[in-house]
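[1] build me a model from this:
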Amino acid sequence: MWIVTQVAPYADGPAGVHGVLGQATTALRQLAEAAGLAPVVVDDVRDLSPLQLGAPCVLALFTIGETPFSEEQQAVVFESWRAGRLGLLGVHSATDACHTWPEYGTMIGARFDGHPWTQSFTIDVVDPAHAATAHLGATWNWHDEIYLFRSLDPGARVLLRLAEDQVDLAVPGGRVPDCGFPLAWCHGQEGGRTFYSALGHFPGAWESPAYLRHLAGGLAWLENSA
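    Below is the predicted model:
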C-alpha cells in the first residue's frame, strides 16, 4: 500500500493548510498494517516508480493542488486502476488535486467545488450495509469543512450525505450542487475501485475511533473488491 501525504505545497497547491498530515500518515500506516498490508509512505509522488504503481496495491492520497505525477506515472496509475490492480483511497482534499489530469477525476469520482461552511453538522448514513458505515447508526454527528462537489460519477455509491437544512445558503459560495451534498462514496469502472471520504480536516477526526473505522472499512472494501 502506497500512502501519499503532501507535506509541502506543489505548484499552486496550498498543502500547508492541512496540519493533520502527520496524524493522517500515522493513522493510514496503522490501518494498512492492521489490514495485513505493507505501507510505504512518500511525501512526493515522484518517489514512486511506475513499476511500483503498476503492481497490485492500494494508493492512499491526502493531496491537494497539481500533484506532480509524471505523464508516465499517470498512464500507469490509470491503466492499473482500470485493470483492477490498483485501488484508490482518497481522503479529504484528494478531490482538489490533479485538475490538469482528466483521468484523475474519473478515478476519484468527483471534483471539489468549494467549502463555504465549516461547522458542526449531522450526517445521514445513506448506505449502512457498507464496511465503511456499518458501525455507524442512522446519523453521525460531526465537525468539519463541508465540501461541495461537481461531476459526481453517476454510478457512484453514496455512503454518507449531509442531512438537510443545516447550512446557510446565503453565505458566499453557498448553494446546493446538482449532486446534493455527498460526503463519502465508493465507485468502480471496469476493474477500477475507489473509496473516498471528504471528512478529515481537523485533528479530532484522526483521534476518533468512528472515523478511523470508517476509513478501515473503505480500505477493506477496496481489498475485498480487488
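[2] name the residues of stretch 139-154 that are buried.
    Trp140, Trp142, Asp144, Glu145, Ile146, Tyr147, Leu148, Phe149, Leu152, Asp153 (16 or more other C-beta atoms under 10 Å). To be clear about C-beta, it is placed using only N, CA and C from the backbone, and glycine gets the same treatment.
[3] can those residues go into CSV with extra columns for pLDDT, secondary structure and distance to Ala134?
    Output for those, formatted as CSV (pLDDT from 0 to 100; DSSP: H, G, I helix; E, B strand; the rest coil; distance: C-beta to C-beta, whole Å):
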residue, pLDDT, secondary structure, distance to Ala134
Trp140, 98, strand, 12
Trp142, 98, strand, 17
Asp144, 97, strand, 21
Glu145, 96, strand, 25
Ile146, 98, strand, 24
Tyr147, 98, coil, 23
Leu148, 98, coil, 27
Phe149, 98, strand, 24
Leu152, 97, coil, 23
Asp153, 96, coil, 23
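[4] which one of those is nearest to Trp206?
    When these are compared for distance to Trp206 (C-beta to C-beta), Asp144 wins out at 11.8 Å.
[5] Ala34: which of the buried residues of stretch 139-154 is nearest?
    Nearest to Ala34 among the buried residues of stretch 139-154 is Trp140, at 21.8 Å by C-beta to C-beta.
[6] ok, now how distant is Leu169 from Leu152?
    19 Å (C-beta to C-beta, to the nearest Å).
[7] next: His130.
    Between His130 and Leu152 the computed distance is 17 Å (C-beta to C-beta).
[8] find me the pLDDT at the spatially most central residue of the chain, would you?
    Nearest to the mean C-alpha position of the chain, by C-alpha atoms, centre = their mean, lies Gly90 at 2.2 Å. In the predicted model, Gly90 carries a pLDDT score of 96.
[9] mind listing what it touches?
    Residues near Gly90 by C-beta atoms under 8 Å, 6 or more residues apart in numbering: Ala60, Leu61, Ile108, Gly109, Thr194, Phe195, Tyr196, Ser197.
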